[in-house]
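Undergrad: below are the sequence and a predicted model; questions follow.
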Amino acid sequence: MKPLYLTAICLLTTAGLSAQNTCDDAFEATPGTITVESVVGGQVPTPICAQNGIGAQRGVWYEYTAVDSVTTTVSTVLDQNQGLDTRVHIYEGPCSDRVCVAGNDDVEGSFLSTISWQSEPDVTYYIAFDDRWSSSGFDSGFDFTLVETEPIPEPVGALGFTTQPMAGWSRSLGIVDMNGDYLDDLLDVSSSSVSTMTQTQNGDYEFAIVATPPAAFPYSWSIAAGDMTGNGYNDLLYGGSVGVNFMFRDDDGEGFTEFHTTDYVFSQRSNFVDLNNDGLLDAFVCHDVQPNVYYMNDGESLEFFQGGLSEVPDGGNYGSIWVDYDNDGLVDLFIAKCRGGASLANYNQLFKNNGDGTFTEVSEDAGLYDNVQTWSSAWADFDNDGYMDVLVGASSFAQGGHKLMHNNGDGTFTDITAGSGFENLGATGIEWVAYDFNNDGYVDVMGGNGRFMMNNGDGTFNLEQFNGVTNGPVGDMNNDGFPDIATQGNIHFNNGNENNWVKINTAGTVSNANGIGARVELYTAAGKQIRDVHSGVGFRFMHTLNVHFGIGTETQVDSLVIHWPSGITDVHVYPDTNTFLLLTEGEETIGEPEEEEEEEETVSTLDADVRGFELYPNPATTELFLKSEELPVRAVIHIFDLHGRLVMQEPYSETLNISNLGHGMYIVKVISDGFVTERKFVKTL
């Protein structure tokens, strides 16, 4: 009878009472069907938790408290509401400091609203509707249902954090190696010093403040780190609304040398990247109010350039990320824009790397040319199909919501937001990053000020939140293989779980020292995962340079393949799991396969003649035939030229089309469970 009683109250509510309705004077809501008499006054719901921004003038508020842990669903998708257009916001916390839990404007195929969230017992939630799409304030009223169902079971490998204050530490701008040992450290900068909380091999932390020459342009927005000089220590780039400042680490690792130009740069996201692929890191900086800028490194000095990578006169450039979206081995550039209005400075841009030092703007052809207001984007292969997808995270709903874009593998993207869970994410934010936080083998997204969208691996994501955990730099601050987060003076240590992992640092020799721009592929029985090595993701912070893979319950990695910016490809067979790997360009390793529980005949990983492996004809012109007495398990075929460059990679097949290869000698390497074998062959025209 409770829902009927509440309905009666609503029917008796006058316009005057509704006008006084606020969060502090919210009506009670319990499970059932509830009638909203009208939305003619009251407090306008803020912050905005649903899509499509500001514009509401009235609101109506309800408070709801669950007795048990349940999944709560609020919906206006009812026959009696057809033709209406509702928007709903869900909050928790005190009315004076409430925060968004969820929100929804349009459910797919309707202008009505449906939203679900996980309610905890004895926690008060506020349900607020506004008149964003009804100038009459819904004079005729509408109904909504409040339904409680069993809570969604906690997934295997659920996420959790333990917060530890760091004594003497107040601001965390980065988690990145600052002493050359490849372990992640905490980082902060000022106009005259660099502060670090260095992680030691025994699990302790050493606090240090290193005095620097005065920074001509002190930090105010974003920061990037990378080894520009190749001396084994990461240098820093940071700036603000006037110019860009570099701090180069001395060869002994003790101090810094300052460098800047006098050029005007309203700095937003900054990155280190090897633009001309000469083995030296260059620097790229988003310019807020003019075309973007970059600094070319010749090993002796930096030269300033402007233009060529977004010529929009009034800028609008906020979040840049360098990622190989088309799998051609060259890093491309995506720029998230946040200008607002009709200016071209508000349309996101994608620049394809042509491989000759030039770039072509292709966002419209790719399907990424839109005016969602965004400060950053999170790129990852969310479905493990071998191509980088992107979550464009909204910083305002004024011009649309978050967009989850699937990479089709042909240079184009498809909007798959509907049904993914991101359409119901009512929080906005400026820092969007992608990491596998629970090591289940599927990359998750952090954004919206501490919201974690956990990847289910099927195109859907579940929202997780944790008290006190907000956006900050991500890295592994205790070397346990699970990504941690730093916020101000705290480290939020990932509680971890039973899932397995691999963590990699890429050390370039021909390529730049950090291996920035490399593509890393990991193969297990579950399939393939990919990562790119970045300096500068998200918007503001410097996140770890280490490459991190979660592999779930898999206990063995068949191979790690690294495509270096130089064109060299290295293959590491059966690398160790649940450990840190330092992989150096030009060095390949062969480990031992996981032992089978049942005793079986084993095959040497170094015997090239096992299982009667053959290839013919040799020389070959258009087709190469492979033969083995026993079909390799989960085998991958790699073809290298004599310079070590990977020119072809395919799942095992008895027939290979080699017509696209040029004349010359090549090496075929087959990697599978229990063996690695290779043969040379000659390709003729």
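TA: Here it is on my side, so go on. As the structure is a computational prediction, the values presented were derived from the model and not from experiment.

Undergrad: what about the strands in the stretch 301-450 of the chain?
TA: In order along the chain, the stretch 301-450 of the chain carries the following strands (DSSP state E, counting those that start in this stretch): 302-306, 317-323, 332-337, 349-353, 359-361, 376-380, 389-393, 403-407, 413-415, 433-435, 444-447.

Undergrad: ok now do the closest residue to Gly203 other than its chain neighbours, which residues does it touch?
TA: Once its chain neighbours are removed from consideration, Gly203 has its nearest residue in Asn478; the separation is 6.4 Å (CB to CB, 6 or more residues apart in numbering). Every C-beta, even on glycine, is put in place using the N, C-alpha and C of the backbone. Each residue near Asn478 by CB atoms under 8 Å, 6 or more residues apart in numbering is listed here: Gln199, Gly203, Asp484, Phe493.

Undergrad: would you show me how to pick out the buried ones of those residues in ChimeraX?
TA: Command for ChimeraX that selects the buried part of those, burial taken from 16 or more other CB atoms under 10 Å:
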select :199,484,493
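
Undergrad: what's the farthest-apart pair in the contacts of Asn478?
TA: Of all pairs drawn from the contacts of Asn478, the one with the longest distance (CB to CB) is Gly203 and Asp484, at 13.1 Å.

Undergrad: low-confidence ranges in the stretch 201-350 of the chain?
TA: For the stretch 201-350 of the chain, applying pLDDT under 70 flags the ranges 340-342.

Undergrad: one step back: using CSV, lay out the strands of the stretch 301-450 of the chain together with mean neighbour count and distance to Ala283.
TA: Putting those into CSV (neighbours: other CB atoms under 10 Å; distance: least, CB to CB, whole Å) gives the following:
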stretch, mean neighbour count, distance to Ala283
strand 302-306, 15, 7
strand 317-323, 26, 11
strand 332-337, 25, 13
strand 349-353, 22, 16
strand 359-361, 16, 16
strand 376-380, 27, 18
strand 389-393, 27, 23
strand 403-407, 23, 27
strand 413-415, 16, 28
strand 433-435, 27, 20
strand 444-447, 27, 25
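
Undergrad: of those strands, which is nearest Thr33?
TA: Among the strands of the stretch 301-450 of the chain, the nearest to Thr33 by CB to CB is strand 403-407 (32.7 Å).

Undergrad: could you find the lowest-pLDDT member of the contacts of Asn478?
TA: For the contacts of Asn478, the least confidently modelled position is Gly203, at 82, judged by pLDDT.

Undergrad: can you tell me how far that residue sits from Asp184?
TA: Remark: distance between Gly203 and Asp184 (CB to CB, to the nearest Å) = 13 Å.

Undergrad: repeat for Gln349
TA: Counting by CB to CB, the separation of Gln349 from Asp184 is 31 Å.

Undergrad: likewise Gly315?
TA: Remark: distance between Gly315 and Asp184 (CB to CB) = 32 Å.

Undergrad: same deal with Pro575?
TA: Per CB to CB, Pro575 is found 20 Å from Asp184.

Undergrad: neighbour count for the two, which is higher?
TA: Taking other CB atoms under 10 Å, Pro575 and Asp184 do not tie; Asp184 has more neighbours (28 against 19).

Undergrad: for Gly367, which of the strands of the stretch 301-450 of the chain is the nearest?
TA: Ranking those by their distance to Gly367 (criterion: CB to CB) puts strand 413-415 first, at 4.4 Å.

Undergrad: strands paired with that closest one, and their directions?
TA: Strand 413-415 has its sheet partners listed here by DSSP bridges as strand 403-407 (antiparallel).

Undergrad: residues in contact with the partner strand?
TA: Residues lying outside strand 403-407 but in contact with it, judged by CB under 8 Å, 6+ apart, are 325, 367-368, 370, 372, 381-383, 385, 387-392, 394, 413-417, 420, 422.

Undergrad: tally of neighbours for the closest residue in space to Tyr574 that isn't next to it in sequence?
TA: When the adjacent residues along the chain are set aside, Tyr574 lies closest to Gly591, with 3.6 Å between them (CB to CB, 6+ apart). Neighbour count for Gly591, taken as other CB under 10 Å: 15.

Undergrad: how near is Gly591 to Thr577?
TA: For Gly591, the distance to Thr577 (CB to CB) stands at 10 Å.

Undergrad: Tyr126 too?
TA: 46 Å.

Undergrad: separation between His406 and Thr412?
TA: With the distance defined as CB to CB, His406 ends up 10 Å from Thr412.

Undergrad: Gln290 now?
TA: From Gln290 over to Thr412 the distance is 30 Å, taken as CB to CB.

Undergrad: settle it for me: which of those two has more neighbours?
TA: Using other CB under 10 Å, the more surrounded residue of Gln290 and Thr412 is Gln290, with 19 against 15.

Undergrad: let me see the contact set for the more buried one.
TA: Tyr264, Phe266, Gln306, Pro313, Asp314, Gly315 are the contacts of Gln290 under CB under 8 Å, 6+ apart.

Undergrad: thought the first one was touching Ser241?
TA: This points to Tyr264. No. With contact taken as CB atoms under 8 Å, Tyr264 and Ser241 are classed as non-touching, separated by 9.5 Å.

Undergrad: Ile568 is in contact with Phe640, correct?
TA: No. Because the distance of 9.6 Å does not satisfy CB under 8 Å, Phe640 is recorded as not touching Ile568.

Undergrad: what sits in contact with each of these two?
TA: With the criterion set as CB under 8 Å, 6+ apart, the contacts of Phe640 and Ile568 do not overlap.

Undergrad: run through the bridge partners of the residue positioned nearest the centre of the chain.
TA: For the chain, the residue nearest the mean C-alpha position is Ala434 (1.9 Å; CA atoms, centre = their mean). Applying DSSP bridges to Ala434 gives these bridge partners: Val445.

Undergrad: that one reaches Val445, doesn't it?
TA: Yes. Using CB under 8 Å, Ala434 makes contact with Val445 at a distance of 5.4 Å.

Undergrad: so what sits against both of these two?
TA: Joint contacts of Ala434 and Val445 (CB under 8 Å, 6+ apart) are Ala378, Ala380, Leu391.

Undergrad: out of these, which comes closest to Phe466?
TA: Checking those against Phe466 by CB to CB gives Ala378 as the nearest, at 18.5 Å.

Undergrad: beta partners for the closest one?
TA: Ala378 has the following beta-bridge partners by DSSP bridges: Leu391.

Undergrad: tell me how far it lies from Thr487.
TA: With distances taken as CB to CB, Ala378 is found 18 Å from Thr487.

Undergrad: brilliant, that's me finished.
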